[in-house]
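Student: Build me a structure from this.
(chains A and B)
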Amino acid sequence: MNTILKQFLPAIIAPFVGIALWAFIVRVFSIPSYLLPSPQSVLASISNSYPTLLYDAGITFSEALTGFALCIVGGTLLSISFQLWPITRRTLYPYLVATRIAPIIAVAPFLLLWLGNGFLAKAATAAVVSTFFTVINLMKGFDEVSGGARELMRSLSATRFQVLLKLQIPNAVPYFFAGIKAALATSIAGAVAAEFVSSNAGLGHLILTNYYYFRTAEMFGALLVLIAGGVLIFGAISLTERVFFSHYSVRREP
Amino acid sequence: MIRLDDVTKVYYGEKSATALQGITMEIAGNEFVSIVGPSGCGKSTLLKIIGGLINPTSGSRTVSTDNGPSSFSFVFQDPILMRWRTARENVRLPLEIQGCSLQKEAGIPELLKKLGLDGFEDSYPSELSGGMQQRVAIARALISEPTTLLLDEPFASLDEITRERLNDELLQLWKNKETTVKNVVFVTHNIDEAVFLSDRVIVLSGRPGEVKEEFTIDLPRERTSDVRYSEHFNSLRRKIRATIV
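Tutor: This next block holds a predicted model:
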């Protein structure tokens, strides 16, 4: 119990210290509320608009998670294709890199143009900018198999599919989780960016609208909910890996 | 019986290297043969050619089927267990790949017990010591019921006591015919180990690998630990050691 406390206590205490500091600075330096609202006012705005915040959060996260799911499925299929048919890798990989190099906010308008201003375009933006992470990490997981392991499979006369299924894919599990954690972040960013370009609901829409009216406390509120949601999902992914896939990770046990 | 006739192995590339040159040898159907030699002399390459894992550049390899079909299993220096599989599941791997009968799969617990892994069937490699991991690797090699077992310095990374114990156990398994293995080809650079285990020791010279000499180990087949200290053992060891220099 002692070690758990030691592990998590600093991270738990830090926000309280941070918030106290924040309140102190706002008060002492008399910072105008449209620049930096006090933590109390942010809290008040959150509790006042709780239902709408939740509703908008639901919209943004459905967009983000749909895109996230798409990028996982699409990314996995692409990676497997790259592994089994290297010509697809040679052809498509540079363009996949381009999807990540292109700034998210610049990609969004195109998808909104082609897919309409609705949910689909936002989920698509999330998916397009995130697939890169799934693929690049899976590729690494498939590739970073020891020569000895490949030789073992060869000595058992395994087919290419068997090597993929029984060696490369399980080996890639920890890489996969690392990849989708990054993909989650960009999925959320993609959904919000698309909302910035054109939307009438969601947390991105909320942040932007409140920005136009200098309602900074409300902006903070929306951002905090966005971050909280993202962190929760991130935590769920980490937990899933630890509970169900602990033996796949490359631990150096004594 | 496995026969190699004038086998040569060349690796082509920027700098071509001849790993093996003019190897002619025979491994009888029921003997334990060790191959010794300095590092880099092509012992591992030779082992893989004997086992049919790689093909020679020239020369031939013939496997005679007098006593039924032959099958080969390898044990490498690194146990190479899949970290996400338990001991039992690692042993099952060859059966999954080769689509073997359920009967063979039922033999897994007994095989694990024979290799001293009783109680560790559901352990993961990270929970096993180096010696235990290598036992799992041996069990994995044996589950497909091979007639020939090929081992490439399997105990090199283990401490001496564990190595001696595994030598004893390997020998027992083979001698007492507790498995389907009829002949064993064992690569090592440890001469003690080679003399202790084998009927015959083949010495390979270095780069390119050629058969320098063959020694028949005429120690009694019942090899206890004390035989390692006998005069005859030591004289054999000295002779072989002298050949390698």
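
Student: give me the low-pLDDT residue ranges for chain B?
Tutor: B:245 (pLDDT under 70).

Student: Show me what from it comes close to chain A.
Tutor: B:51, B:53, B:73-74, B:76, B:78, B:80, B:82-85, B:93-94, B:96-98, B:124, B:126-127, B:144 (Cβ under 8 Å from any Cβ of the partner chain). For the C-beta atoms, the positions are set from N, CA and C on the backbone; glycine is no exception.

Student: In helices only, show me these.
Tutor: B:93-94, B:96-98 (DSSP state H).

Student: Make a markdown table from those and add neighbour count to it.
Tutor: Converted to a markdown table, those look like this (neighbours: other Cβ atoms under 10 Å in any protein chain shown):
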| residue | neighbour count |
| --- | --- |
| B:93 | 22 |
| B:94 | 23 |
| B:96 | 15 |
| B:97 | 18 |
| B:98 | 15 |
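
Student: Which members of the residues of chain B next to chain A are positioned in strands?
Tutor: Counted as lying in strands by DSSP state E, out of these, are B:73-74.

Student: Which of the residues of chain B next to chain A are buried? Put it as a PyMOL command.
Tutor: Buried residues within the residues of chain B next to chain A, by 16 or more other Cβ atoms under 10 Å in any protein chain shown, are selected in PyMOL with:
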select buried, chain B and resi 51+53+73+74+76+78+80+82+83+84+85+93+94+97+124+126+144
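
Student: As a check, name the ranges of all helices in chain B.
Tutor: B:43-50, B:87-98, B:102-106, B:108-114, B:130-142, B:160-175, B:191-197, B:231-244.

Student: Could you say which one of those comes nearest to residue A:210?
Tutor: Smallest distance to residue A:210 across these (Cβ to Cβ): 55.1 Å, for helix B:87-98.

Student: So which elements touch the closest one?
Tutor: helix B:102-106, helix B:108-114, helix B:130-142 (3 or more Cβ pairs under 8 Å, 6 or more residues apart in numbering or on different chains; DSSP states H and E).

Student: Turn those helices into a markdown table, including mean neighbour count.
Tutor: Output for these, formatted as a markdown table (neighbours: other Cβ under 10 Å):
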| stretch | mean neighbour count |
| --- | --- |
| helix B:102-106 | 11 |
| helix B:108-114 | 17 |
| helix B:130-142 | 23 |
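
Student: Distance to residue A:175 added to those helices, as a markdown table?
Tutor: Formatted as a markdown table, these follow (distance: least, Cβ to Cβ, whole Å):
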| stretch | distance to residue A:175 |
| --- | --- |
| helix B:102-106 | 30 |
| helix B:108-114 | 30 |
| helix B:130-142 | 23 |
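
Student: Any idea which of these gets closest to residue A:206?
Tutor: Counting by Cβ to Cβ, residue A:206 lies closest to helix B:130-142 out of these; the figure is 55.7 Å.

Student: ok, and the closest non-adjacent residue to the residue most central in space within chain B?
Tutor: What sits nearest the mean C-alpha location of chain B, by Cα atoms, centre = their mean, is residue B:151, with 2.0 Å. Closest residue in space to residue B:151, ignoring its immediate chain neighbours: residue B:75 at 4.4 Å, by Cβ to Cβ, 6 or more residues apart in numbering or on different chains.

Student: on that earlier part again, residue A:202 is nearest to which of the helices of chain B?
Tutor: In terms of Cβ to Cβ, the element of these nearest to residue A:202 is helix B:87-98, at 46.0 Å.

Student: Can you check what angle separates the closest one from helix B:130-142?
Tutor: Orientation of helix B:87-98 against helix B:130-142 (axes from the mean of the first three to the mean of the last three Cα atoms, to 10 degrees) gives an angle of 30 degrees.

Student: Kindly export helix B:87-98 (C-alpha atoms) in CSV.
Tutor: Provided in CSV are the C-alpha atoms of helix B:87-98 (Å, rounded to 0.1, in the frame of the first residue of the first chain):
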residue,chain,number,x,y,z
ALA,B,87,5.3,-23.8,-21.1
ARG,B,88,2.5,-26.1,-22.2
GLU,B,89,1.4,-23.8,-25.0
ASN,B,90,5.0,-23.3,-26.2
VAL,B,91,5.4,-27.1,-26.4
ARG,B,92,2.2,-27.3,-28.3
LEU,B,93,3.4,-24.9,-31.1
PRO,B,94,4.8,-27.6,-33.5
LEU,B,95,1.6,-29.5,-33.2
GLU,B,96,-0.4,-26.4,-34.1
ILE,B,97,1.8,-25.7,-37.1
GLN,B,98,2.0,-29.2,-38.4
